[in-house]
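Asks: how would this look folded up:
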Amino acid sequence: MAKAMRFLAGAALAATLALPVWAEEAPTADTVVATVNGTAITLGHMIVAHDALPEQYKALPADVLFKGILDQLVQQTALEQSMEGKLTRSDTLRLENDKRGYVSARALEAVVLSAVTDEALQAAYEARFKDAAPQTEYNAAHILVADEAKAEELLAELEAAADFAELAKTHSTDTGSGAAGGDLGWFGLGMMVKPFEEAVVAAEVGKVAGPVQSDFGFHLILVKETRIAAQPTLDDIRDELAAEIEQQAIEAHVTEVTDAAKVEKPGEGIDPALLGDLSLLDK
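Replies: Residues are numbered from 1 along each chain as shown. Presented below is the predicted three-dimensional model:
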């Protein structure tokens, strides 16, 4: 594709070529625009090639694009013909896989388009939040240190009325939050590592909890306040719900089509290690 794009860009500097004039009738996708050793290239081939171009190349003048695409297809056809009888087994198998992949993707396009509707999105939204319990969010700060003894030492200072934020700035190994006095902002459940989250949930607002050990070290935790999280609107999670609906529709369709097919797998007992044996393609 990169070579093709350079070719088209270069074509913009060449002399322009007027579009052909069709004297008898309007061109169609089947209109032959060139032949190479008798193999036809149609206007449809050119339209599809044009459609696949990145947007920046589509901005080139129409006459430049027409000449560039036509010349490219002629050259590709000549090169394809030069390989007649020379394709390896690997080449043929790759082409078959490419076709399989393209056609299967096309088979799913209509499924996706019909699945994601306003009605489906609304139903998915209501299903997610109909019985959802209110979720608590926490505004907390922490001081992270490498060993428990250091954490106990800092806890004693805090109990003697030392300032939490100042100790975090001075001692916390979490430099990101430490610079902000240990502040972690607001967060909900599932956003922190398990030991830390459990300690936050059990902590009393305004009192330091810990030391709490996690994979990062030892934490002293100060829960400043809590609140009930606002339920997101449909627009807030529209893309997330759409992705879920798409995936469910795809899985259901693939299962339906596959179950309806007669599938036999005589090769299931083959040694999986053979997948890496490219030499088999030459035998």
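Asks: And for this structure, the residue most distant from the center?
Replies: Most distant residue from the mean C-alpha position of the chain: A160, 51.1 Å away (C-alpha atoms, centre = their mean).
Asks: need the helices for this structure, in chain order.
Replies: For the chain, helices defined by DSSP state H occupy the ranges 2-11, 43-51, 55-58, 62-82, 89-115, 118-129, 148-159, 164-171, 175-178, 194-202, 238-260.
Asks: which residue sits closest to Q122 in space, ignoring its chain neighbours?
Replies: L234 (6.8 Å; C-beta to C-beta, 6 or more residues apart in numbering). Yep, even glycine has a C-beta here, placed from its N, CA and C like the rest.
Asks: any idea how far K130 is from the one you found?
Replies: For L234, the distance to K130 equals 13 Å [C-beta to C-beta, to the nearest Å].
Asks: Look at the two and report which has more neighbours.
Replies: The neighbour comparison of L234 against K130 (other C-beta atoms under 10 Å) goes to L234, with 14 against 7.
Asks: could you list every residue that touches D259?
Replies: Applying C-beta atoms under 8 Å, 6 or more residues apart in numbering to D259 gives no contacts.
Asks: Could I get the pLDDT score of it?
Replies: For D259, the pLDDT comes out at 96.
Asks: now do L17
Replies: pLDDT, L17: 40.
Asks: and what of P232?
Replies: As predicted, P232 sits at a pLDDT of 88.
Asks: Near it, how many residues? Count them for me, please.
Replies: Counted with other C-beta under 10 Å, P232 comes out at 13.
Asks: Could you measure from it over to F187?
Replies: Using C-beta to C-beta, P232 is found at 15 Å from F187.
Asks: still on that earlier bit, measure the residue farthest from the centre of the chain to A141 for me?
Replies: A160 sits at a distance of 18 Å from A141 (criterion: C-beta to C-beta).
Asks: how near is L274 to D118?
Replies: 49 Å.
Asks: hang on, I meant A229
Replies: As judged by C-beta to C-beta, A229 and D118 stand 26 Å apart.
Asks: which one of these two has more residues nearby?
Replies: Neighbour comparison, A229 and D118: the larger count goes to A229, with 14 against 9 (by other C-beta under 10 Å).
Asks: which ones are touching that one?
Replies: Contact partners of A229, counting by C-beta under 8 Å, 6+ apart, are P134, Q135, T136, E137, G188.
Asks: how about JSON lines for these, with pLDDT and distance to S104 added?
Replies: Listed next are the contacts of A229 as JSON lines, based on pLDDT from 0 to 100; distance: C-beta to C-beta, whole Å:
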{"residue": "P134", "pLDDT": "86", "distance to S104": "43"}
{"residue": "Q135", "pLDDT": "87", "distance to S104": "40"}
{"residue": "T136", "pLDDT": "93", "distance to S104": "45"}
{"residue": "E137", "pLDDT": "95", "distance to S104": "43"}
{"residue": "G188", "pLDDT": "92", "distance to S104": "39"}
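Asks: When you filter those down to buried only, what's left?
Replies: Buried members of these, counted by 16 or more other C-beta atoms under 10 Å: E137.
Asks: residue contacts, A115?
Replies: I245, E246, Q248, A249.
Asks: are any of the residues you listed buried, and which?
Replies: Counted by 16+ other C-beta under 10 Å, those give I245, E246, A249 as buried.
Asks: I'd like the contacts of A115 laid out as JSON lines, including distance to H171 and pLDDT.
Replies: Putting the contacts of A115 into JSON lines (distance: C-beta to C-beta, whole Å; pLDDT from 0 to 100) gives the following:
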{"residue": "I245", "distance to H171": "49", "pLDDT": "96"}
{"residue": "E246", "distance to H171": "48", "pLDDT": "95"}
{"residue": "Q248", "distance to H171": "49", "pLDDT": "95"}
{"residue": "A249", "distance to H171": "53", "pLDDT": "96"}
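Asks: Out of those, which is nearest to A49?
Replies: Of all the contacts of A115, A49 sits closest to E246, with 28.7 Å by C-beta to C-beta.
Asks: Correct me if wrong: that closest one contacts V116.
Replies: Yes. Using C-beta atoms under 8 Å, E246 is in contact with V116, at 6.0 Å.
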